[in-house]
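>>> structure here, sequence nowhere to be found:
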């Protein structure tokens, strides 16, 4: 256990430092390029004060997570075999999930970068169209699942207190929909200073504890890197934000959250762990559906739901605090499900 503690601590600290220090140089650079956020008219009016705040700040935690994950995994692969007990049959299986997961996250981050670039350079406020995003995201999800399939990993998934369930061909269909859905849900959560980074921090800590329980040292280190990098980003993104992660960062975070869930072979945990993400996504879906069915009436004052609470008078800091507490609570529930049910 001492090895786990030291390894995890080093991964988290290294990712935190890389992310925080990168912001020191990246934010002035983004200012110089005039890569500023355009605040849309249909958002809260007080958000107009954020006009011009640099976006694409997610680059800082992408660099940190990718660098620390690759280095820690390579060292783990070279030194871990033979003396570290692991949940997997061999370390190579775990390493495959880690690198495939990084590919999933980076590819989604690239989609986000294209979207952000279209907004700030091409001056198209909405960036890529919804159809363009979905086509690209499903292509990335399919490539990720195909990679795992080619590597010989089957269509079974673990459900706490149920055991291993083989879904057959439907596994790939369900998995693709889950990945794209969660990636977009994380994207929708990015609308209040510090919210997406804080929520993902607690999700990553939960996966870190779960992976540790499963004796998956490589995944534990990657989860710790995600948590540390999110904290490093929050140094610059907590209210009042000096930089926004943009779609570059939020789509990457969505990808890495999915990657961690699939790496421990329990994507079902995205339901409790991603409770805030899912509430954000379903609030938008419900708002749009209700608006159409009632010919103009609204279910919420504004969606996603964090804007509803803003319209109710909640401060951004309060929203982040409450939503983070909810995530931490469901993270504890998820850990208990794994602790006693796997």
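Alright, I've got the coordinates. Keep in mind it's a predicted model, so treat the numbers as computed, not measured. Numbering: from 1, shown residues only.
>>> ok, residues contacting stretch 22-39?
Contacts with stretch 22-39, where a contact means CB atoms under 8 Å, 6 or more residues apart in numbering, come from 47-48, 50-57, 59-60, 63-64, 116, 119-121, 125, 232-233, 235-236, 242-244, 246. (Each C-beta comes from the backbone N, C-alpha and C, glycine too.)
>>> restricted to helices, list the residues you listed.
59-60, 63-64, 116, 119-120, 232-233, 235-236, 246 (DSSP state H).
>>> most neighbours of all the residues you listed, which one?
Using other CB atoms under 10 Å as the neighbour test, these are led by residue 233, with 33 neighbours.
>>> so for it, what's the nearest residue that isn't a sequence neighbour?
Once flanking residues are discounted, residue 233 sits nearest to residue 61: 4.6 Å by CB to CB, 6 or more residues apart in numbering.
>>> also residue 288?
residue 303 (7.9 Å).
>>> that's a helix at that neighbour, yeah?
No. Using DSSP: H, G, I helix; E, B strand; the rest coil, the secondary structure at residue 303 is coil, not a helix.
>>> contacting residues for residue 320?
Contacts for residue 320 (CB under 8 Å, 6+ apart) come out as 192-195, 198, 238-239.
>>> how much space separates it from residue 164?
Separation of residue 320 from residue 164 (CB to CB, to the nearest Å): 37 Å.
>>> is it true that the residue nearest to residue 233 touches residue 17?
No. Distance between residue 61 and residue 17: 11.8 Å, which falls outside the contact criterion (CB atoms under 8 Å).
>>> of the two, which one has the most company?
Ranked by neighbour count (other CB under 10 Å), residue 61 and residue 17 place residue 61 first, with 34 against 15.
>>> against residue 151, how distant is the more buried one?
Taking CB to CB as the measure, residue 61 falls 27 Å from residue 151.
>>> now the strands for the stretch 51-200 of the chain?
Applying DSSP state E, counting those that start in this stretch to the stretch 51-200 of the chain gives strands spanning 156-159, 163-166.
>>> and the last one, how far from the chain's centre?
Read it as strand 163-166. Strand 163-166 sits 26 Å away from the centroid of its parent chain (CA atoms, centre = their mean, to the nearest Å).
>>> and the first one, by the same measure?
Computed by CA atoms, centre = their mean, the separation of strand 156-159 from the middle of its chain amounts to 21 Å.
>>> for stretch 300-317, same thing?
Averaging C-alpha positions (CA atoms, centre = their mean) puts stretch 300-317 22 Å from its chain's average.
>>> report the buried residues of that stretch.
Within stretch 300-317, the residues that count as buried by 16 or more other CB atoms under 10 Å are 300, 302-310, 314, 316.
>>> let's have these in a markdown table, adding distance to residue 34.
Compiled in a markdown table, the buried residues of stretch 300-317 are given as follows (distance: CB to CB, whole Å):
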| residue | distance to residue 34 |
| --- | --- |
| 300 | 34 |
| 302 | 29 |
| 303 | 30 |
| 304 | 27 |
| 305 | 32 |
| 306 | 27 |
| 307 | 27 |
| 308 | 32 |
| 309 | 32 |
| 310 | 27 |
| 314 | 32 |
| 316 | 25 |
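>>> nearest to residue 179, of the residues you listed?
Comparing these against residue 179 with CB to CB places residue 304 closest, at 19.7 Å.
>>> quick one: the residue lying closest to the closest one once chain neighbours are set aside from residue 227, how far?
Spatial nearest neighbour of residue 304, chain neighbours left out: residue 280 (4.3 Å); criterion: CB to CB, 6+ apart. Counting by CB to CB, the gap from residue 280 to residue 227 is 20 Å.
>>> what's the burial count for residue 29?
Quick note: residue 29 (other CB under 10 Å) scores 12 neighbours.
>>> residues contacting the residue nearest to the spatial centre of the chain?
The centre of the chain sits closest to residue 253, judged by CA atoms, centre = their mean, with a distance of 2.6 Å. By CB under 8 Å, 6+ apart, residue 253 lies in contact with 58, 61, 105, 186, 196, 200, 226, 230, 245.
>>> same question for residue 168.
Here residue 168 is in contact with residue 155 (CB under 8 Å, 6+ apart).
>>> next, it: phi, psi?
According to degrees, to the nearest 10, the main-chain angles of residue 168 amount to phi 60, psi -140.
>>> distance of it relative to residue 264?
21 Å.
>>> point out where the stretch 101-250 of the chain drops to low pLDDT.
For the stretch 101-250 of the chain, applying pLDDT under 70 flags the ranges 122-127.
>>> which residues of it fall in helices?
In the stretch 101-250 of the chain, the helices defined using DSSP state H, counting those that start in this stretch lie at 130-150, 170-189, 195-213, 217-237, 246-263.
>>> for residue 157, which of those is the nearest?
helix 170-189 (6.9 Å).
>>> nearest residue to residue 201 in space, ignoring adjacent ones along the chain?
Leaving out its chain neighbours, the residue that sits closest to residue 201 by CB to CB, 6+ apart is residue 230, at 4.2 Å.
>>> swap in residue 187?
residue 250 (4.4 Å).
>>> same thing with residue 266?
residue 158 (5.1 Å).
>>> and if you look at residue 174?
residue 167 (6.5 Å).
>>> gap between residue 105 and residue 161?
Counting by CB to CB, the gap from residue 105 to residue 161 is 29 Å.
>>> neighbour count winner among these two?
Per other CB under 10 Å, whichever of residue 105 and residue 161 has more neighbours is residue 105, with 28 against 8.
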